[in-house]
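>>> Quick check, what structure comes out for this input:
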Amino acid sequence: MTDCLGSRLYVALVHYPVIDKNGATIASAVTNLDLHDIARACRTYGVAGYFVITPLEDQMVLVQRILDHWTIGAGGTYNPKRRQALELVRVRATFDAAVDQISGAHGQRPCVVATTARRDSGNLSCHGLREMLAGSAVPVLLALGTAWGLCGSFIDAADYVLEPLKGTCEYNHLSVRSAAAIILDRLLGE
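Below you'll find the predicted structure:
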């Protein structure tokens, strides 16, 4: 991969630990659309890798089956561009496993940046994270939460929390794949 801003940026779609609409910590289900759309955004912006984090064995099997179809199966032959995007995806049972893989590849632990839609959160702007990517060799792992977002203990353990995306009205409930695309454009777009 060329030495671009995205060459040290990794994305993790976290399905556990996340919260449900009542605030309980849960493991959420993987969706086919999130796999495809976030992988395509990651590939478009030169992201180094895309991790799908789920501790649920049946979900891991499902993800691998989808990936196999589009990377080594008939889907990859039918749609080579989709294959290229989905080749970025790695399924891991824990977030720590993704951190360990990145640490091994770069010889140092990645800076973990959590995301949230909670308006009272965030200590790092997209501009600040873009400058961090441009000015440092440290890899960055951007954690996106599914369901109703990353749980509080996950966010508290992150090195930084990215300021939430803000629209022009009070409604604030983007899909994670839409949020990922917007964030990647702000971080890595021209």
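
>>> Longest helix in this protein, please.
Longest among the helix segments of the chain by residue count, using DSSP state H, is helix 57-71.

>>> which residues of this structure fall in helices?
Secondary structure of the chain by DSSP H: the helices cover 32-44, 57-71, 74-78, 80-86, 95-106, 126-135, 152-157, 176-188.

>>> Now the longest one: average pLDDT?
Which is helix 57-71. Per-residue pLDDT over helix 57-71 has a mean of 97.

>>> Next, the buried residues of that helix.
Neighbour-count burial for helix 57-71 flags 59, 60, 62, 63, 66, 67, 69, 70, 71 (criterion: 16 or more other C-beta atoms under 10 Å). To be clear about C-beta, it is placed using only N, CA and C from the backbone, and glycine gets the same treatment.

>>> Show me the one of the helices of the chain that comes nearest residue 22.
Distances from residue 22 to each of those were compared using C-beta to C-beta; the shortest belongs to helix 152-157, at 13.8 Å.

>>> Now stretch 158-170: average pLDDT?
Computed over stretch 158-170, the mean pLDDT rounds to 93.

>>> Next, the buried residues of it.
Of the residues in stretch 158-170, 158, 160, 161, 162, 163, 164, 165 count as buried by neighbour count, 16+ other C-beta under 10 Å.
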